[in-house]
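Undergrad: Sequence plus predicted model, see below.
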Amino acid sequence: MLFLKLHGQGFVVAEMFWGLWLFPLGLLVYRSQFLPRFLGIWLVFAGVAWVILSLVGLLLPQYEDKVYSYSQPAFFGEIALMLWLLIKGARPKPLAGSVSSAAAG
């Protein structure tokens, strides 16, 4: 049982890193010109939710289920990014110089 509980606590600690990597990803998506800005904001919001869920799981484990149910909409930001890239794709705007040179050649 000790190792099962330790394994569960390892996942709670890993949630912290799942949230922390979403901050730079959300910032990059927000600053990009070919993905919508709301996806970047949603990813940063998901990162905050993962970090909060991890802290609650470590400090107040009795409330972890309740916090998870409240933060569930934030976690869909990762799925929204995946679906956006899968369906619409990332289409960068063409450069003005490359369009005229392609038409001339």
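TA: In hand now; what should we look at? Here the structure is a predicted model, which is why all the values come from computation and not from measurement.
Undergrad: wait, what's in contact with the residue nearest to the spatial centre of the chain?
TA: Nearest to the geometric centre of the chain sits Leu43, at 3.8 Å (CA atoms, centre = their mean). Leu43 makes contact with Leu22, Leu25, Gly26, Val29, Gly77, Glu78, Leu81 under the criterion CB atoms under 8 Å, 6 or more residues apart in numbering. (Each C-beta comes from the backbone N, C-alpha and C, glycine too.)
Undergrad: How about Tyr63?
TA: By CB under 8 Å, 6+ apart, the neighbours of Tyr63 are Val56.
Undergrad: State the pLDDT value of it.
TA: Looking at Tyr63, its pLDDT stands at 94.
Undergrad: One more: Gly97?
TA: 65.
Undergrad: Also Ala103?
TA: 57.
Undergrad: returning to that earlier point: ok, and the closest non-adjacent residue to the residue nearest to the centre of the chain?
TA: Gly26 (3.3 Å; CB to CB, 6 or more residues apart in numbering).
Undergrad: rewinding a little: looking at the contacts of Leu43, state which has the most neighbours.
TA: Leu22 (27 neighbours; other CB atoms under 10 Å).
Undergrad: any idea how far it is from Ser32?
TA: According to CB to CB, to the nearest Å, Leu22 and Ser32 sit 15 Å apart.
Undergrad: returning to that earlier point: name the helix or strand for the residue nearest to the centre of the chain, please.
TA: Per DSSP states H and E: Leu43 is located in helix 37-59.
Undergrad: Poorly predicted segments of the protein, please.
TA: 91, 97-105 (pLDDT under 70).
Undergrad: The same query, at a cut-off of 90, please.
TA: Low-confidence segments of the chain (pLDDT under 90): 1-15, 18, 32-35, 61, 88-105.
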